[in-house]
Each structure stands twice: as structure tokens, then as C-alpha cells.
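>>> Got a sequence here, can you model it:
(one chain, ligands or ions: 1)
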Amino acid sequence: MSETKNIRNPVVVALDVSSANQALELVDQLRGLAGMFKIGKELFTTAGPDIVREIINSGEQVFLDLKFHDIPNTVAKAGAAATRLGVSIFNIHALGGSAMMKAVAEAVDDVATRESLPKPKILGVTILTSHTRESLTEVGIASDLESEVVRLAQLCEASGIDGVVASPREISPIKNVVKTPDFVILTPGVRPHGSAMNDQKRVMTPSEALSAGANYLVIGRPITAAENPRLAAEQILAEILG
Ligand code: C5P
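Have a look, this model is predicted:
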């Protein structure tokens with residue numbers, strides 16, 4: 001496969017399934033077509049670190065989507081554990097603050113250096129897209145949603161983590177303010193032409209999101225719920241590389 005924005009294959013397939021067997025079946029079906037697999041709270045809570053190890057040992061890369069948010073010491077230790085587990089990306093909540101983000105960045109650097117392990121990328125989640133103006137006010141955030149997202153992305157950059165998770169419409173505003181050239185943007189809410197929106201509201205196609213500046217695209221149901229997941233993934237890659 002040819003290079004796309006210096007990433008071999010930007011498609012991260014969301015393994016939003018409830019059992020290790022279903023996850024492994026999808027990984028097998030999509031062998032060679034997914035750049036990475038995302039393991040979130042449902043699968044991790046069901047199948048634990050064993051499923052992460054099994055997928056990595058089979059030669060695939062894993063994005064551990066557990067959105068850590070706790071005191072700096074706890075998140076730093078969770079980050080060190082994720083590094084030892086061998087994930088390629090994991091994420092944290094930017095609302096945990098700069099001390100938390102700096103602590104986890106240092107802990108990952110430290111454990112990777114001392115134990116000669118590859119360093120995972122750490123991405124910040126800014127404001128969950130399920131929030132509305134009203135629900136933000138409810139939790140005491142008064143500024144408007146987009147400026148809050150951009151402010152938190154800048155805080156992620158200043159705290160020394162590698163990038164952010166951002167919805168398609170947030171990519172450009174973030175790109176406009178960050179100074180780090182390789183600041184990573186990972187984008188869910190991606191829908192190929194003609195596929196069902198499901199519960200996603202503001203979507204972009206894979207090529208639109210990449211043109212806007214996304215480095216990774218998280219795609220779940222358009223691939224995993226397709227009658228033929230392999231074909232669906234092939235079509236998405238053809239569109240991207242087209
Ligand atoms: O099936 P679909 O492509 O909508 O899956 C997208 C994945 O990205 C899901 O795992 C979902 O939790 C995640 N996600 C999202 N929107 C966000 C953040 C994460 O859809 N704003």
C-alpha cells in the first residue's frame with residue numbers, strides 16, 4: 001500500500017463488540033486491510049488485557065481507547081502499563097489537566113527508555129462530542145464548545161502529549177492553532193459515501209477528513225456491520241488512495 005500522509009494505512013477499525021471471539025474474528029477478516037484496531041471500554045472490560053496482547057501478538061497494532069482521567073500519579077501508572085502492554089496509541093482526558101498530561105508523558109518516556117519498549121502515542125480527548133452547550137453549562141464550562149475544544153488541544157500540545165481525538169469539524173480549527181508540525185489528529189465520525197450515518201451527526205468522508213488534516217480515521221460500523229467487512233474496508237482504502 002502506498003503512503004498516505006506518512007502513515008501506511010490511516011484506518012483504525014473500532015472493535016465495538018462484546019466478546020473476544022467476535023473481536024478476533026473481525027481482526028482475522030480484516031487482516032492486511034486495517035492500519036490499527038481500536039479496543040474500547042466494552043471489549044476491554046469483557047476481555048481484558050489478554051485480548052490486547054492476542055491482537056498485538058498476531059501482528060496488528062492496537063489503539064487502547066480507555067480515556068484515562070484520574071490524579072496524575074494514577075494516570076502515569078496506567079500509561080506505563082499501556083506501554084508495557086505494547087499498544088501503539090492510548091488516550092486520556094485533557095480535562096484531567098496539564099499536570100496529569102505531563103505526568104503520563106514523562107512516565108511513558110521513562111518506561112519506554114528504561115525497558116527498551118516502543119513509545120505509544122498519547123492522545124487527548126478534549127470535549128466529548130455527546131456534550132451540548134447545555135450539558136457543558138451543567139458541569140460548569142461556560143465558554144462555547146469550539147473554543148473550549150481548541151483551548152484544550154493547545155493545552156495538550158503544551159503538556160507534551162502527541163495529539164488529540166477530534167471530530168471532523170474540529171480538525172481545521174485545531175490545525176490552525178497548534179504549532180507542532182506532527183501533532184496527531186485522530187478522527188471518528190467518518191462515513192464513506194453512501195453508508196449509513198448510524199448515530200453520527202456531523203460526518204466527513206475518509207478523504208475529506210484526511211484532506212482536512214486527520215492522521216488517523218476511526219471507522220467502526222461502516223466496516224464491522226457490513227455484510228462483507230473485507231470488501232467495505234477495501235472500498236474505503238480505494239477511496240482514500242484513489
Ligand atoms: O461505528 P462508528 O464508525 O460510528 O464508530 C466510531 C467509534 O469512534 C466508536 O468506537 C465511538 O465510540 C468512537 N467515537 C465516536 N465519536 C467521538 C469519539 C469516539 O464515534 N466523538
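
>>> Show me what counts as buried in stretch 191-203.
Under the neighbour-count criterion of 16 or more other C-beta atoms under 10 Å, stretch 191-203 has 191, 192, 195, 200, 203 buried. All C-beta atoms are positioned from the backbone trio N, CA, C, and that covers glycine.

>>> and the ligand, which of the residues you listed contact it?
Among the buried residues of stretch 191-203, the residues within reach of the ligand (C-beta under 6 Å from any ligand atom) are residue 200.

>>> same for the lengthiest strand in the chain, what does it pack against?
With DSSP state E setting the assignment, residue counts place strand 62-68 as the longest strand in the chain. Packing contacts for strand 62-68, counted by 3 or more C-beta pairs under 8 Å, 6 or more residues apart in numbering; DSSP states H and E, involve strand 36-39, helix 41-57, helix 72-85, strand 89-93.

>>> please redo it, this time with the cut-off set to 10 Å
Using 3 or more C-beta pairs under 10 Å, 6 or more residues apart in numbering; DSSP states H and E as the contact criterion, the secondary-structure elements in contact with strand 62-68 are strand 11-14, strand 36-39, helix 41-57, helix 72-85, strand 89-93, strand 121-125, strand 163-165, strand 216-219.

>>> Please see if stretch 130-141 touches the ligand.
No. Applying C-beta under 6 Å from any ligand atom, one finds stretch 130-141 separated from the ligand by no less than 7.3 Å.

>>> For that stretch, which outside residues touch it?
Under the criterion C-beta atoms under 10 Å, 6 or more residues apart in numbering, residues 95, 127, 128, 142, 143, 144, 145, 148, 149, 199 lie in contact with stretch 130-141.

>>> go again using 8 Å as the cut-off
When contacts are taken as C-beta atoms under 8 Å, 6 or more residues apart in numbering, the neighbours of stretch 130-141 outside the stretch itself are 127, 142, 144, 145, 148.

>>> that older thread, which one of the buried residues of stretch 191-203 sits closest to residue 22?
Nearest to residue 22 among these, counting by C-beta to C-beta, is residue 195 at 20.6 Å.
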